[in-house]
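> Kindly generate the corresponding structure for this input.
(one chain, ligands or ions: 1)
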Amino acid sequence: MQVYLDNNATTMTDPRVVEEMIPFFSEMYGNPNSLHKFGTSTHPALKKAINQVYDALNASDDDDIVFTSCATESNNWVLKSVVSDLMNGSRKNHVITTEVEHPSILSTCKWLEEKGIKVSYLPVNEQGIVEAHTVKNFITDKTAIVSIMWASNETGAIFPIKEIGEVCKEKDVIFHSDAVQAIGKIPVDLQDVHVDFVSMSAHKFHGPKGVGALYIRDSQFLTPLLHGGEHMGGRRSGTLNVPSIVGMGKAIELATTNIEDTMAKIKEKRDRLEDAILEIDDTFVVGDRQNRTPNTILISIRGVEGESMLWDLNNDSIGASTGSACASEDLEANTVMLAIGADNELAHTGIRLSLSRFTTDAEIEYTIEYFKKAVKRLREISSSFAKQQPTEGGEVQECELHHH
Ligand code: 7TS
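Numbering: from 1, shown residues only. Predicted coordinates:
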């Protein structure tokens, strides 16, 4: 058996999405901007895809949704606009974000700092989130933008986006949210939440790779990142990636239709896996179950290095992660776990399991069996764990990590 539990890194493209895309490679390959029917024949499918994205997010006709190549691009675009706005005479030179954003936000913020922008990186609390009142305290009349993720890729923690949106609206500050890990996992209703910009990536909800989008409330002005042939109303030039846009439309529709039912089914499997893992002594799961995306578990196993666990699981054909794939090539401590308050040793033991709607009960049972075997084997050879034995009680625990 092969078990893929790294769906926060990417997902399998749904076969129904692939089917929808194929004609746009082989038959309707025209450039939508061409005037002949090779080009214009793509228009109905593009219109449908755009509507599918609007409907899935409950966006209004006054809003704009621009297709990009991925969420990294959407995130870069929004944040870099602070520099172009300064060049255009704005006096706002302060950005607020969190310590636990994806590198596509954090690295862009580092670049902004080199350009003279002041960036506040807000720490998260023990639940792995930042509260709205904390954001409020950091806003000044120089704040250009607040950029806070909707849900964490590493812990699954869901941020209080509605409350943060209200604070930003009250203070008249632009609010951007990276919703990569929320869309298709929890309901995202853009009429209900006041957010100016939202980033997304299709491959995180069973769509194709290489396509994402940026939602723009009230179609407000944003300096283009890509200048050229005035595609997408001049907002993002470059010939439209028709097959991928069509695929993204289908994928978001499939991922958001009956989302409550899908969530409940995934959560049931996730909780079964989580309960079984917590039966192992000295294991901790980060964050509470209710305020977490239903597919995600970040576990730490005292005495077991995350990387060793990953390779043991890999030998048994289970694909997991130590956190963000973007950061998992180096053997550093999990920065999100450190931010939550784990000590350095615990932060080296993080293992992320992320399910999808394609995960089966049989895969969960298989994972439980091999996960337990791997922990037993690795603890037997782990000198650091042996030194700590016996532990006080060694009882089953589910708790937030506290500062040590
Ligand atoms: N934002 C978040 C919150 C993410 O989780 C990711 C990818 C991105 C942005 C970037 O998306 P991309 O499509 O532009 O690459 N996150 C992960 C992860 O958790 N493991 O691998 C990739």
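> And this protein, split by domain according to the record?
As given by automatic domain parsing, the domain ranges for the chain are 15-256, 259-383.
> okay if I get these as TSV plus mean neighbour count and mean pLDDT?
To be clear about C-beta, it is placed using only N, CA and C from the backbone, and glycine gets the same treatment. Below are these laid out as TSV (neighbours: other Cβ atoms under 10 Å; pLDDT from 0 to 100):
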stretch	mean neighbour count	mean pLDDT
domain 15-256	19	97
domain 259-383	19	90
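> of the ones you listed, which approaches residue 2 most closely?
domain 259-383 (4.4 Å; Cβ to Cβ).
> now the closest one: how far from the chain's centre is it?
Relative to the chain's own centre, domain 259-383 is displaced by 17 Å; criterion: Cα atoms, centre = their mean, to the nearest Å.
> Equivalent analysis for stretch 256-263, please.
With Cα atoms, centre = their mean, you get 18 Å for stretch 256-263.
> So which residues on the stretch 1-150 of the chain come close to the ligand?
Contacts of the stretch 1-150 of the chain with the ligand, taken as Cβ under 6 Å from any ligand atom, map to 8, 9, 70, 71, 72, 102, 104, 149.
> re the thing from before, for the domains of the chain, which one sits closest to residue 3?
Per Cβ to Cβ, nearest to residue 3 of those: domain 259-383, 4.4 Å.
> wait, what's in contact with the residue nearest in space to the middle of the chain?
With the centre of the chain defined as its mean C-alpha position, the nearest residue by Cα atoms, centre = their mean is residue 181, 3.0 Å away. Going by Cβ atoms under 8 Å, 6 or more residues apart in numbering, residue 181 touches 8, 149, 150, 151, 152, 153, 156, 204, 293, 296.
> Also residue 14?
Going by Cβ under 8 Å, 6+ apart, residue 14 touches 206, 207, 250, 251, 254.
> Same check on residue 176?
Contacts of residue 176 by Cβ under 8 Å, 6+ apart are 75, 78, 79, 145, 146, 147, 148, 195, 196, 197, 198, 199.
> ok, what's across the strand from it?
residue 147, residue 197 (DSSP bridges).
> ok, it to the ligand distance?
12 Å (Cβ to the nearest ligand atom, to the nearest Å).
> now do residue 342
18 Å.
> Now do the phi/psi pair for that residue.
When read as degrees, to the nearest 10, the backbone of residue 342 gives phi -70, psi 150.
> can you check residue 190 too?
When read as degrees, to the nearest 10, the backbone of residue 190 gives phi -80, psi 0.
> That one: what's it in contact with?
57, 58, 59, 60, 63, 198, 215, 217.
> go on, residue 105?
With contacts defined as Cβ under 8 Å, 6+ apart, residue 105 is in contact with 75, 79, 97, 147, 149, 178.
> quick one: which helix or strand includes it?
With secondary structure defined by DSSP states H and E, residue 105 is part of helix 103-114.
> which element is residue 277 on?
helix 259-278.
> Show me what that helix packs onto, helices and strands only.
strand 283-285, strand 296-301, helix 361-381 (3 or more Cβ pairs under 8 Å, 6 or more residues apart in numbering; DSSP states H and E).
> out of these, nearest to residue 83?
Per Cβ to Cβ, nearest to residue 83 of the helices and strands packed on helix 259-278: strand 296-301, 33.5 Å.
> Adjacent strands (with direction) for that closest one?
By DSSP bridges, strand 296-301 pairs with strand 283-285 (antiparallel), strand 350-354 (antiparallel).
> Show me the contact partners of it.
If you take Cβ under 8 Å, 6+ apart as the criterion, strand 296-301 is touched by 8, 154-156, 181, 270, 273-274, 277, 280, 282-287, 306, 309, 323, 334, 336-337, 342, 346-347, 349-355, 375, 401.
> re earlier: for the domains of the chain, which one sits closest to residue 1?
Closest of these to residue 1 is domain 259-383, at 5.1 Å (criterion: Cβ to Cβ).
> Across the sheet, point out what pairs with residue 215.
Under the criterion used (DSSP bridges), residue 215 bridges to residue 65, residue 198.
> Correct me if wrong: residue 144 contacts residue 94.
Yes: using Cβ atoms under 8 Å, residue 144 is in contact with residue 94, at 6.2 Å.
> Dump the domains of the chain into JSON lines; add distance to residue 2 as well.
Formatted as JSON lines, the domains of the chain follow (distance: least, Cβ to Cβ, whole Å):
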{"stretch": "domain 15-256", "distance to residue 2": "17"}
{"stretch": "domain 259-383", "distance to residue 2": "4"}
